[in-house]
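Enquirer: sequence unknown, structure follows:
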């Protein structure tokens, strides 16, 4: 699960920044400008952090509950695991909502069958 987010060069964790921008910090994390400083967020999915047209993507599909989420993903839900579980980014952290017997997503909804 990833999302394209705007990137900026010269970023370093803890360094000063301005605006709502992101920058890949290697393959396994993205730096997000929050409150005027760069904050590292894991991108533990197989696609990691990657530059794309117009920004960067951060694959959080391998992240664990409690890991940080990029602000751009707040409120985004997704299924993962075997058996599947429903996760979301809430309060800028990855939260496991419930286990599912089956879980399916489409363009407009997520269906988790308990």
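Expert: Done, it's in. Not measured: the values here are computed from a predicted model. Residues are numbered from 1 along each chain as shown.
Enquirer: Next secondary structure element downstream of the lowest-mean-pLDDT helix or strand in the chain?
Expert: Across the helices and strands of the chain, mean pLDDT, DSSP states H and E gives its lowest value to strand 4-5, namely a mean of 46. Tracing the chain C-terminally past strand 4-5 and defining elements by DSSP states H and E, one meets strand 22-24 next.
Enquirer: Now the helix or strand following that following strand: buried residues?
Expert: Reading on from strand 22-24 to the C-terminus, the next helix or strand found by DSSP H and E is strand 29-34. For strand 29-34, a neighbour-count test (16 or more other Cβ atoms under 10 Å) marks 29, 30, 31, 32, 33 as buried. C-beta here means a position set from N, CA and C on the backbone, and glycine is covered the same way.
Enquirer: Surely the fourth one and residue 42 touch.
Expert: No - judged on Cβ atoms under 8 Å, residue 32 makes no contact with residue 42 at a distance of 11.5 Å.
Enquirer: Can you work out which residues contact both of these two?
Expert: Here residue 32 and residue 42 share no contacting residue, scored by Cβ atoms under 8 Å, 6 or more residues apart in numbering.
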